[in-house]
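Undergrad: Any chance you can model this:
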Amino acid sequence: MNILLVCAAGMSTSLLVNRMNDAAKAKGIELNIEAHPVGSIDSYGEQADVILLGPQVRYELKNVQKSYPDKPVEVIQMQDYGMMNGAKVLDRALQLLGK
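TA: Purely as a prediction, here's the structure:
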């Protein structure tokens, strides 16, 4: 399972990726989580099973949904992003995938 996090520069989301990986490990789930800038989504979007946008790029939601109509695409909740709550963001990604 591949989860793609998209933000303005790919930097702020790297901490969230680490927290999500920790939460996945605690649940015994193997997955691949990557963070990339929204400008490079064309290079990574096809491999993703779910795409989560950081709140700072929420304006790109409709464009990303249009580009990937067969994938779940959603903006990460502002509070979960701000608190870097990897467990909640992971749980939401799993919900979107029906897991």
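Undergrad: and residue 3, that's in a strand?
TA: Yes. Assessed with DSSP: H, G, I helix; E, B strand; the rest coil, residue 3 lies in a strand.
Undergrad: quick one, what contacts it?
TA: Going by CB atoms under 8 Å, 6 or more residues apart in numbering, residue 3 touches 20, 31-34, 48-50, 52, 90, 93. All C-beta atoms are positioned from the backbone trio N, CA, C, and that covers glycine.
Undergrad: So what sits opposite it in the bridge?
TA: On the basis of DSSP bridges, residue 3 is bridged to residue 33, residue 50.
Undergrad: returning to what we had before: for the contacts of residue 3, pick the one with the most neighbours.
TA: In terms of neighbour count, residue 52 stands highest of the contacts of residue 3 at 28 neighbours, by other CB atoms under 10 Å.
Undergrad: Now the stretch of helix or strand residue 23 belongs to: average pLDDT?
TA: Assigned by DSSP states H and E, residue 23 falls within helix 12-27. On average, the pLDDT along helix 12-27 is 94.
Undergrad: And the contacts of it?
TA: Identification of contacts with helix 12-27 by CB under 8 Å, 6+ apart yields 3, 5-7, 30-31, 33-35, 54, 56, 76, 81, 84-87, 89-91, 93.
Undergrad: now do 10 Å
TA: For helix 12-27, contacts defined as CB atoms under 10 Å, 6 or more residues apart in numbering pick out 1, 3-7, 10, 29-37, 52-54, 56-57, 76, 80-81, 83-91, 93-94.
Undergrad: Output that helix as PDB - backbone C-alpha positions only.
TA: C-alpha atoms of helix 12-27 as PDB (Å, rounded to 0.1, in the frame of the first residue of the first chain):
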ATOM      1  CA  SER A  12       7.000  20.000   6.700                       C
ATOM      2  CA  THR A  13       5.300  16.700   5.900                       C
ATOM      3  CA  SER A  14       8.400  14.600   6.400                       C
ATOM      4  CA  LEU A  15       7.900  14.600  10.200                       C
ATOM      5  CA  LEU A  16       4.300  13.500   9.700                       C
ATOM      6  CA  VAL A  17       5.500  10.600   7.500                       C
ATOM      7  CA  ASN A  18       7.800   9.500  10.300                       C
ATOM      8  CA  ARG A  19       4.900   9.600  12.800                       C
ATOM      9  CA  MET A  20       2.700   7.700  10.400                       C
ATOM     10  CA  ASN A  21       5.400   5.100   9.900                       C
ATOM     11  CA  ASP A  22       5.700   4.700  13.700                       C
ATOM     12  CA  ALA A  23       1.900   4.300  14.000                       C
ATOM     13  CA  ALA A  24       1.900   1.700  11.200                       C
ATOM     14  CA  LYS A  25       4.700  -0.200  12.800                       C
ATOM     15  CA  ALA A  26       2.800  -0.300  16.100                       C
ATOM     16  CA  LYS A  27      -0.200  -1.800  14.300                       C
END
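Undergrad: Thanks again, I'm all set now.
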